Structure formats: C-alpha cells, structure tokens
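A.B. asks: curious how this folds, go ahead:
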Amino acid sequence: MTVKNSEQRKELSAAEIGAVAHLYRGEVYRSTVWRTRLDTTTNWAVVTLGIALSIAFSSPTASPLPLILVGVLILFFLMLEARRYRYFNVWRARCRWMEVHFFAPMLHDGDLHMEEGWQRVLAEDYWKPRYHVSMAVAVGRRIRRNYFWILLIQSTAYIGKLVVHPEPLTSASQLIDRAAIGPLGGQYVLGMGLIYCLAWGAISLLSWRGDRHRARSRVVRSDMG
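C.D. replies: From the prediction side, this is the model:
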C-alpha cells in the first residue's frame, strides 16, 4: 500500500500502545483460527485419498477408477484451502507487520519510528481490506506446502495399480489397455493425467518464482532504506 504524504505522528500514548497490543492479540487469534481451517481441508484430502487407496487396492480385480475420481475431490479441497489461505494471509501479514514495525523497534531501540509511516500503512489496510496474494499464488503455495505429496501419492498409487494388478505388466501396451475407462482409450486417460500433474507443477513453480521475486524486492527496499 502507498503511504499518503501528510504529517506523520511522532509517538503513541500509553493507552494507544496498549490498544495496539490488544489489536495484535486479536489478529494472532484470527490467524490461528484460519490456520486451523487450513489443516482441516488438508485432513479431508488425506482421508479421501486414503479411502480411495483402500478401495483400489482391496483386491487385484478392483478398479483403479477411485484413484482418478478422488482427484476431483482433492482439486475441490485444494481450491477451498487456497481461498482460506488468502484470508489467513491477511491476518498473518498484519501480525508480522506489527511484529517488525511495532514490537521489534520498541524492544531493540526503545523507539517506534513513527516517522517511517508504518502505522499509516496498517491503518489503510483496515480502512480498505484486500487480499495480499492472488488465487494462483495461494494455490501454488498450498501445493508446495502440502498437496505436492498428496498428488504424488495419488499419481504413484494409480500407476502402481495399473502396473501390478490384476497381474504384473508384461508389455507397455497392457498399461494403456488397463488405463482405459469405458469407451475412453487408455492413452487419453494417461494423457489427461499427465496434463493434470504438469498443470499443478507449473502453478507451484510460478508461485515459487513469484515468492522469490517478492523476497528479493523486500531485501532491496530494506537495503536502500
């Protein structure tokens, strides 16, 4: 956010410092609540994947289709978790902002450095609340934190199911035949699965590169300051 060009306050009263401390406690509580909600959707994805694995590997003749269908549920949970992450990031960013610009200077320097305008940036975030990250960045971060492993297990289990059941493969053509779903040929199913994995990989990679760029920008601004 931009800082308005106006005269900055030089200090806070004891009552105002206490109010900021209570504000910080409230933001920590809200970020904790939303962090718990993130864990909930991850748990749902893990449980549904576990159920699909149990069904698919219950017998050599069991269909691998549940391992494909569970991908729809995992996608839904990922989108829901990314949306929740965007809310969580708002509260977390406010907490971190107060830690860096309020508590740390007060403890280290005994000075809140009000002339830097950090308090106005925080005030504007309350006046005009907004998400600090896009949906694509949120999805990429959740994949990198948790869903990479969930998607890896799903994909590995699906290929493993095709390879070993109902009996070990003896030729590559059998893999394509076993991947077929009704009238849909195995090559199309495997192709869509590859696109599915590459798409999530690309989103997570772009998110990682964006985070690195933002981190470098913060370092440069800090050095210039």
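
A.B. asks: helices or strands up against the longest helix belonging to the chain?
C.D. replies: If you go by DSSP state H, the chain has its longest helix at helix 14-56. In terms of contacts (3 or more Cβ pairs under 8 Å, 6 or more residues apart in numbering; DSSP states H and E), helix 14-56 is packed against helix 65-98, helix 148-164. For every residue, glycine as well, the C-beta is placed using N, CA and C.

A.B. asks: now those as JSON lines including mean pLDDT?
C.D. replies: Output for the helices and strands packed on helix 14-56, formatted as JSON lines (pLDDT from 0 to 100):
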{"stretch": "helix 65-98", "mean pLDDT": "93"}
{"stretch": "helix 148-164", "mean pLDDT": "92"}
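
A.B. asks: can you name the farthest residue from the center of the protein?
C.D. replies: Thr170 (40.5 Å; Cα atoms, centre = their mean).

A.B. asks: could you give the backbone dihedrals for that one?
C.D. replies: phi -120, psi -10 (degrees, to the nearest 10).

A.B. asks: and Ile181, by the same measure?
C.D. replies: phi -120, psi 100.

A.B. asks: got it, and the one 4 residues further on?
C.D. replies: As for Gly185, its main-chain torsions (degrees, to the nearest 10) stand at phi -60, psi 150.

A.B. asks: for it, which non-adjacent residue is closest in space?
C.D. replies: Ile176 (7.4 Å; Cβ to Cβ, 6 or more residues apart in numbering).

A.B. asks: separation between the one you found and Pro60?
C.D. replies: 19 Å (Cβ to Cβ, to the nearest Å).

A.B. asks: more neighbours, those two?
C.D. replies: Ile176 (16 against 10; other Cβ atoms under 10 Å).
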